[in-house]
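Compute the structure for the input listed below.
(one chain, ligands or ions: 1)
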Amino acid sequence: MSASSSYLVGLIGSGIGGSLSPAMHEEEARRLGLSYVYRRIDLEGLKLDTSALPDLLLAAERMGFNGLNITYPCKQSVIPLLHELSDDARALGAVNTVLLKDGRRIGHNTDWSGFARAFRRGLPDVSLEHVVQLGAGGAGAAVAHAAMTMGAREFTLFDVDAARASALADELQKRFPASTVKAGGSLPDAMAAATGLIHATPTGMAKLPGLPLPAQLLHKDLWVADVVYFPIRTALLQAAEAVGCRTLTGGGMAVYQAVDAFRLFTGLEPDAERMFMHFQSLLSR
Ligand code: NAD
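Below you'll find the predicted structure:
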């Protein structure tokens, strides 16, 4: 067991009223017999913006928080306020977990490790020979890092913002010189050659329904991994399953980023499968 008898953690972000992280963390802690409180610190509700981050971090330290999860729009702006970064957080330029310990603030990124763990669990034996990814934003940068770390050999990135796709592709190519990373080009040609598709745009969310690419570009030899998890079975995953693709929902990434953050906050190993089941029950409510 950890030396700490109770834990106080939180989530800083904007519009986080619907986040399932508090419930996921607190329920797993309850099952482990820990005293654990997870507070939302919602910039929107507080009528604050990212300029409040220095004050909020100081307040959290003074009130004895063990750590914080960090989400939109603070994952980059929190970095200059930290003392240390994990290698992955530094490479990604984004932090979603901050440990507050002995007066120090240590930044980590469990978005990418969460996606990688979910991927290995759900699609353990698929080919990473030629991966196409749609979306080069915040989630896109994390899942692309995961795909490259897992050994994607040819990686082609598309984004409606072509400059964004090129910038991320350049960064990835520098970090992973043994692989080939491209941005843009012909989506139909890339999809015809692809062994897998990662979807990291907001398309398909309940508030943004639809498909991020024409359904006829999907083929049965493709696996399809979505990052969107509300709804859990997106239109893309339904279309992919209809042509016989193996699929992975965005739920795994959401759960495993919490699993990895929980371990960092407490030093204890949570039961990932139990957290997964709990997450599914939360979604079906
Ligand atoms: P973002 O705004 O940072 O990036 C989205 C990117 O997608 C933008 O660059 C945009 O130009 C691009 N885009 C939009 N429509 C496109 C299309 N049809 N084709 C190609 N590119 C397109 O957003 P984000 O923070 O990266 O979030 C993206 C999605 O990921 C959201 O739905 C979010 O809820 C989800 N997400 C899931 C998890 C998880 O744990 N499963 C974690 C983080 C984010």
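
Run through the strands of the stretch 51-200 of the chain in chain order.
67-70, 84-85, 97-101, 104-108, 130-134, 154-158, 180-183, 196-199 (DSSP state E, counting those that start in this stretch).

For the ligand, which of the ones you listed is the nearest?
Closest to the ligand of those, according to C-beta to the nearest ligand atom: strand 130-134, at 4.6 Å. From N, CA and C alone the C-beta is placed, and that goes for glycine too.

now for the closest one, which elements pack on it?
helix 138-149, strand 154-158, helix 187-193, strand 196-199 (3 or more C-beta pairs under 8 Å, 6 or more residues apart in numbering; DSSP states H and E).

Specify the angle between the first one and strand 154-158 in degrees.
Put plainly, it is helix 138-149. With axes from the mean of the first three to the mean of the last three C-alpha atoms, to 10 degrees as the basis, helix 138-149 and strand 154-158 are set at 170 degrees to each other.

which helices and strands does helix 138-149 pack with?
Counting by 3+ C-beta pairs under 8 Å, 6+ apart, helix 138-149 packs on helix 87-92, helix 110-122, strand 130-134, strand 154-158, helix 162-175, strand 196-199.

want to throw the ones you listed into a markdown table with distance to the ligand, mean pLDDT and mean neighbour count?
Below are these laid out as a markdown table (distance: least, C-beta to the nearest ligand atom, whole Å; pLDDT from 0 to 100; neighbours: other C-beta atoms under 10 Å):
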| stretch | distance to the ligand | mean pLDDT | mean neighbour count |
| --- | --- | --- | --- |
| helix 87-92 | 12 | 95 | 18 |
| helix 110-122 | 6 | 97 | 23 |
| strand 130-134 | 5 | 98 | 25 |
| strand 154-158 | 5 | 98 | 24 |
| helix 162-175 | 5 | 97 | 17 |
| strand 196-199 | 9 | 98 | 26 |
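
nearest to His219, of those?
Ranking the helices and strands packed on helix 138-149 by proximity to His219 (C-beta to C-beta) places strand 196-199 first, at 9.9 Å.

Output the helices and strands packed on helix 138-149 in CSV; the columns should cover distance to Gln280.
Formatted as CSV, the helices and strands packed on helix 138-149 follow (distance: least, C-beta to C-beta, whole Å):
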stretch, distance to Gln280
helix 87-92, 27
helix 110-122, 13
strand 130-134, 25
strand 154-158, 30
helix 162-175, 31
strand 196-199, 20
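
Which one of those lies nearest to Leu8?
helix 110-122 (18.8 Å).

centre of the chain versus that closest one, how much separation?
From the chain centre to the centre of helix 110-122 is a distance of 8 Å (C-alpha atoms, centre = their mean, to the nearest Å).

got it, and stretch 175-191?
21 Å.

Stretch 104-123 too?
With C-alpha atoms, centre = their mean, you get 7 Å for stretch 104-123.

Low-confidence ranges, the protein, go.
Scanning the chain for pLDDT under 70 picks out the ranges 1-4.

Would you report the backbone torsion angles of Met205?
Phi and psi for Met205, reported as degrees, to the nearest 10, are phi -60, psi 160.

what's the closest non-adjacent residue to it?
Using C-beta to C-beta, 6 or more residues apart in numbering and skipping residues adjacent in sequence, the residue nearest Met205 is Val228, 5.4 Å away.
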